[in-house]
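Show me the folded form of this:
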Amino acid sequence: MGVAGRAGCQSGLYIRRLKGSIPLRSTIIDAGGGMNNLKTEKKESVISALVEGNSIRSTERMTGVHRDTIMRLVGRIGAGCEVIMDQTMRNLDCKDVQVDEIWCFVGKKQRHIAAGESPIGKGDYWTYVAMDRDTKLIPAYRVGKRTSANTQAFMVDLSERLANRIQLSSDGLEQYVAATELAFGAGVDYGQIVKSYEAEHIGAGRYSPPHVVATSRSPVMGNPNMARVSTSHVERQNLTIRMQMRRFTRLTNGFSKTVAGLQSAVALHFAHYNFCRRHSSIRVTPAMEAGIVNDMWPISELIRIAEQSA
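Numbers count the residues shown, from 1 in each chain. Alright, predicted model coming up:
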């Protein structure tokens, strides 16, 4: 009791010193209220920081907006971005599409889930990504466990957004074969590429990506141009994802805490990538190159349309 009393007294003195010098949370906007109090300029600052790969806490420090408010803002803008992607990615004239999946985790890594503990809403999660090789557009994506059901739902969603027959490339994931047949039937030219990597380094350099030592291509459906069967472009997009979304960065504590938070962040990322980010190889945004819009959207326009759509 004596120790507790002293600790409480010391804490009280510490808090009184803070109150006497710096008002608590004096620079933090909206510590507990609604995000409607945020000015447009603050919303732009927050979203701009997040889409450039900053974490929620670093964004809080840079902008002075409380992290709870940031998360509510991401949830609302992310929901609007889902609608934007769903409504605009229709009747697309893609020709050469590559698909892949990128790993992350929610709450804890899969190996840390105890026996008998429900894996729902935690553990390994995958983001399925489709990318048009020519326009760099992301026409479809899906967040979920890497199951046959999710793979099929992703491929069906992709097929429903296309206006013509495409060449499709994927890695050797077995689930893609049945999913592609279900989604496209005979209306696709599909090939797989399997890459073999060198043995992983031990010690220094172990986190460096392994080198590809061999590749093999095989036709799966239709009549694919085997010289163009590739996943290199969508795999490069995976690097963009890891660089632009902190929750996908390896060896960090900025991982997603909820599936809903992950879904909102992914929707925001892909909407920003398609409509706001000028791609270095085509010098315009992917949405402009695909003929969906005529101009590059500023962040303010993305926020405005997303808030109207949410």
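
for residue 122, what are its contacts?
Residues in contact with residue 122 (C-beta atoms under 8 Å, 6 or more residues apart in numbering) are 105, 106, 107, 108, 113. For the C-beta atoms, the positions are set from N, CA and C on the backbone; glycine is no exception.

Residue 264 too?
Applying C-beta under 8 Å, 6+ apart, we find residue 264 in contact with 74, 75, 77, 78, 79, 81.

If we use 10 Å, what do you get?
Taking C-beta atoms under 10 Å, 6 or more residues apart in numbering, we find residue 264 in contact with 71, 73-82, 143, 256, 258.

I'd like the next helix or strand past the helix or strand residue 78 falls within.
Assigned by DSSP states H and E, residue 78 belongs to helix 67-88. Per DSSP H and E, the first helix or strand lying C-terminal to helix 67-88 is strand 96-106.

Show me what that following strand is packed against.
On a contact count with 3 or more C-beta pairs under 10 Å, 6 or more residues apart in numbering; DSSP states H and E, strand 96-106 meets strand 123-132, strand 140-144, helix 148-160, strand 167-170, helix 175-184, strand 189-197, helix 232-244, helix 259-275.

let's see 8 Å
Packing contacts for strand 96-106, counted by 3 or more C-beta pairs under 8 Å, 6 or more residues apart in numbering; DSSP states H and E, involve strand 123-132, helix 148-160, strand 167-170, helix 232-244, helix 259-275.

Give me the neighbour count for the closest residue in space to residue 131 that isn't next to it in sequence.
Excluding the flanking residues, the one nearest residue 131 by C-beta to C-beta, 6 or more residues apart in numbering is residue 234, at 4.3 Å. Neighbours of residue 234 under the rule other C-beta atoms under 10 Å: 24.

ok, residue 234 to residue 185 distance?
Counting by C-beta to C-beta, to the nearest Å, the gap from residue 234 to residue 185 is 23 Å.

wait, which of the contacts of residue 122 is closest to residue 303?
Closest approach to residue 303 among these (C-beta to C-beta): residue 106, at 25.6 Å.

Please report the distance of the nearest residue to that closest one once chain neighbours are set aside from residue 231.
Sequence neighbours aside, residue 256 is the residue nearest to residue 106 in space, at 4.7 Å (criterion: C-beta to C-beta, 6+ apart). Residue 256 is 25 Å from residue 231, where distance means C-beta to C-beta.

likewise residue 143?
Distance of residue 143 to residue 231, computed by C-beta to C-beta: 19 Å.

cool, and residue 152?
19 Å.

out of the two, which sits in the more crowded spot?
Taking neighbours as other C-beta under 10 Å, residue 152 and residue 231 compare with residue 231 leading, 23 against 18.

residues contacting that one?
By C-beta under 8 Å, 6+ apart, the contact list for residue 231 reads 98, 99, 100, 169, 170, 171, 193.

Kindly present those residues as TSV, with separate columns for distance to residue 55.
Putting the contacts of residue 231 into TSV (distance: C-beta to C-beta, whole Å) gives the following:
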residue	distance to residue 55
98	29
99	29
100	25
169	33
170	32
171	30
193	34
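
What is the nearest of those to residue 265?
Nearest to residue 265 out of those is residue 100 (C-beta to C-beta; 18.6 Å).

List the contacts of the closest residue to that closest one other than its chain neighbours.
Nearest in space to residue 100, with sequence neighbours left out and distances taken as C-beta to C-beta, 6+ apart, is residue 234 at 4.4 Å. Shown in contact with residue 234 (C-beta under 8 Å, 6+ apart): 98, 99, 100, 129, 130, 131.

residues making contact with the host helix or strand of residue 49?
Residue 49 belongs to helix 40-51 when assigned by DSSP H and E. For helix 40-51, the external contacting residues (C-beta under 8 Å, 6+ apart) are 29, 35, 38, 56, 58-59, 62-63, 65, 70, 73-74, 77, 244, 246, 265, 268-269, 272, 276-277, 299-300, 302-303.
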